[in-house]
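In: Next one to model:
(one chain, ligands or ions: 3)
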Amino acid sequence: MKIYQLIIHSVTVVTDSSIFEADIAVEEGKIVELTEVGILDAKAKTMINGSGLHLFPGVIDVHLHFNEPGRTAWEGFETGSASLAAGGVTTFFDMPLNSNPPTINRVEYDKKNELAKQKSIVDYRLWGGLVPNNLDDLQDLDEAGVIGFKAFMSASGTDDFVFSEDDTLLNGMKKIAELDGILAVHAESNKMVNELSQKALEEGRTSVRDYSEARPIESELEAVERILRFAEQTGCRIHICHVSSRKVIKRILQAKRAGIDVTVETCPHYLYFSLDEFEKIGELAKCAPPLRPRDEVDELWQALKAGEIDLVSSDHSPSLPELKKGETIFDVWGGISGCQSTLNVLLTEGYHKRNLALTDMVRLLSVQPAKRFKLYPEKGTIQIGADADFVLVDLNEEFTLKTEDLKYRHSISPYVGEKFKGKVKYTISRGVVVYDDKSDVSNR
Ligand SMILES: NC(=O)N[C@H]1NC(=O)NC1=O
Ligand SMILES: [Zn+2]
Ligand SMILES: [Zn+2]
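Out: Ligands and ions are numbered 1, 2, ... in the order given. Okay, here's the model as predicted:
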């Protein structure tokens, strides 16, 4: 009888197109058998009884910041990847900034890659940065294997990653188009955000609401308008990060219809929290773009359900706990710790509360991320030959997120105390159990 690496029996498999019962066998990290329940005549070193559980392709988080090297006191690949495993994420793309020095040339890429290889318990790829004066590094970064390039259209929050004015964007995009790469952008208007923030501070308007209003949806719209025009001019593929409003999504949809190669993501925090919660929670819920009024949150769900949003990523951007405090909200680090909770948010608020189809959830969290960044069908799906990256979920188990559940370097998150329905029972990366809810192992 065959002895495989892993077998999961009697599980409900969910892909972006169907839901079915199966037995599944894994060898050397790949799916080798996918059969009707009961006909798989084999054994395995690891056997999991999947009855009552749903098996999804592992989540692919295309946007997060693990801050290593240079700011490992903030997070790091070990704690970061353990958090992802606990949240059902099996592949992540680390952003070029918040690590220090940022990933803007081959030397820094190699350093970060070495650290990630040693420490991460799930698969990963690295973003490279587009910043003023690194045009000549883009090809090297591309050859090194970056998943894409990232630029900021407004100040990034760290001094070491400089934002791009129009000339940097245009020249960078020409080059990236030649390389057949993709540019991800943080799209907020630097001018508008600076002017409004300055004015608010001068007038002593420093509440949470004032912060949100100093970074209005219009500032996202202005930046998106500009980057779409540059994409049209240069032919560069683009990905718009962390959009907070359907108004922005609508503009991007128009551009898609006009033939521009653009995709858009939103984040769990824009789907979960509104400005009301931001006012209650305060600093821990500060991010940029900021959280929006409740009607915007509802509209964003409409957009998600209507298929107007390509994918959901965490934009996990932790910092030292002391940086999440300040005299006013304007002085606090902008970034939310949330990468462990993405799937929980979509299951609870999406599937259970708003009837989001599980197949659509798989599309948003796994299939589209894999397709957009050319990892499909090796990743993002459940079929013979694909990587055995899975998350097994009990759809109906409820829990309240506690501080001690968090695997982050610093156990702080605006999601602590929230009630979720749908619990991760196992996470499997290339056939290896990297998270087990019972024994709580999160290492290889
Ligand atoms: N530097 C950094 O991580 N910034 C991120 N944080 C956030 O809330 N939005 C961002 O772009
Ligand atoms: Zn950003
Ligand atoms: Zn980010």
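In: Please list all residues in contact with residue 170.
Out: Residue 170 is in contact with 230, 233-234, counting by C-beta atoms under 8 Å, 6 or more residues apart in numbering. (Glycine included, C-beta is placed from N, CA and C.)
In: export whichever strand or helix holds residue 22 as PDB, just CAs?
Out: Using DSSP states H and E, the element containing residue 22 is strand 19-27. The C-alpha trace of strand 19-27 is given here as PDB (Å, rounded to 0.1, in the frame of the first residue of the first chain):
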ATOM      1  CA  ILE A  19     -17.900  22.700  -3.300                       C
ATOM      2  CA  PHE A  20     -17.500  18.900  -3.100                       C
ATOM      3  CA  GLU A  21     -16.600  16.000  -0.700                       C
ATOM      4  CA  ALA A  22     -13.200  14.400  -1.200                       C
ATOM      5  CA  ASP A  23     -10.300  12.500   0.100                       C
ATOM      6  CA  ILE A  24      -7.000  14.100  -0.700                       C
ATOM      7  CA  ALA A  25      -3.400  12.800  -0.800                       C
ATOM      8  CA  VAL A  26      -0.200  14.800  -0.800                       C
ATOM      9  CA  GLU A  27       3.300  13.800  -1.700                       C
END
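In: For it, which helices and strands make contact with it?
Out: The contact analysis (3 or more C-beta pairs under 8 Å, 6 or more residues apart in numbering; DSSP states H and E) places strand 19-27 against strand 2-14, strand 30-35, strand 42-49.
In: I'd like those laid out as CSV, including mean neighbour count, distance to residue 71 and mean pLDDT.
Out: Shown next, in CSV, are the helices and strands packed on strand 19-27 (neighbours: other C-beta atoms under 10 Å; distance: least, C-beta to C-beta, whole Å; pLDDT from 0 to 100):
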stretch, mean neighbour count, distance to residue 71, mean pLDDT
strand 2-14, 19, 36, 97
strand 30-35, 17, 35, 98
strand 42-49, 15, 36, 97
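In: Now render the ones you listed as a markdown table, adding distance to residue 355.
Out: Output for these, formatted as a markdown table (distance: least, C-beta to C-beta, whole Å):
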| stretch | distance to residue 355 |
| --- | --- |
| strand 2-14 | 15 |
| strand 30-35 | 28 |
| strand 42-49 | 29 |
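In: Ok, which of those strands comes nearest ligand 1?
Out: Set against ligand 1 and scored by C-beta to the nearest ligand atom, the helices and strands packed on strand 19-27 come closest in strand 2-14, at 30.5 Å.
In: Pairing partners for that closest one, with directions?
Out: Sheet pairing for strand 2-14, assigned by DSSP bridges, gives strand 19-27 (antiparallel), strand 42-49 (parallel), strand 54-57 (parallel).
In: Dump the ones you listed into CSV; add distance to residue 138 as well.
Out: Shown next, in CSV, are the strands paired with strand 2-14 (distance: least, C-beta to C-beta, whole Å):
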stretch, distance to residue 138
strand 19-27, 38
strand 42-49, 42
strand 54-57, 31
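In: can you tell which of these is closest to residue 359?
Out: strand 19-27 (6.8 Å; C-beta to C-beta).
In: Residue 314 and ligand 1: what is the separation?
Out: For residue 314, the distance to ligand 1 (C-beta to the nearest ligand atom, to the nearest Å) stands at 11 Å.
In: so that residue touches residue 268, yeah?
Out: Yes - under the criterion of C-beta atoms under 8 Å, residue 314 makes contact with residue 268 at 6.4 Å.
In: which residue does the stretch 51-200 of the chain bring closest to ligand 1?
Out: Closest point on the stretch 51-200 of the chain to ligand 1, by C-beta to the nearest ligand atom, is residue 157, at 3.7 Å.
In: need the helices and strands packed on strand 19-27 in a markdown table with distance to ligand 1, can you?
Out: Output for the helices and strands packed on strand 19-27, formatted as a markdown table (distance: least, C-beta to the nearest ligand atom, whole Å):
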| stretch | distance to ligand 1 |
| --- | --- |
| strand 2-14 | 30 |
| strand 30-35 | 34 |
| strand 42-49 | 36 |
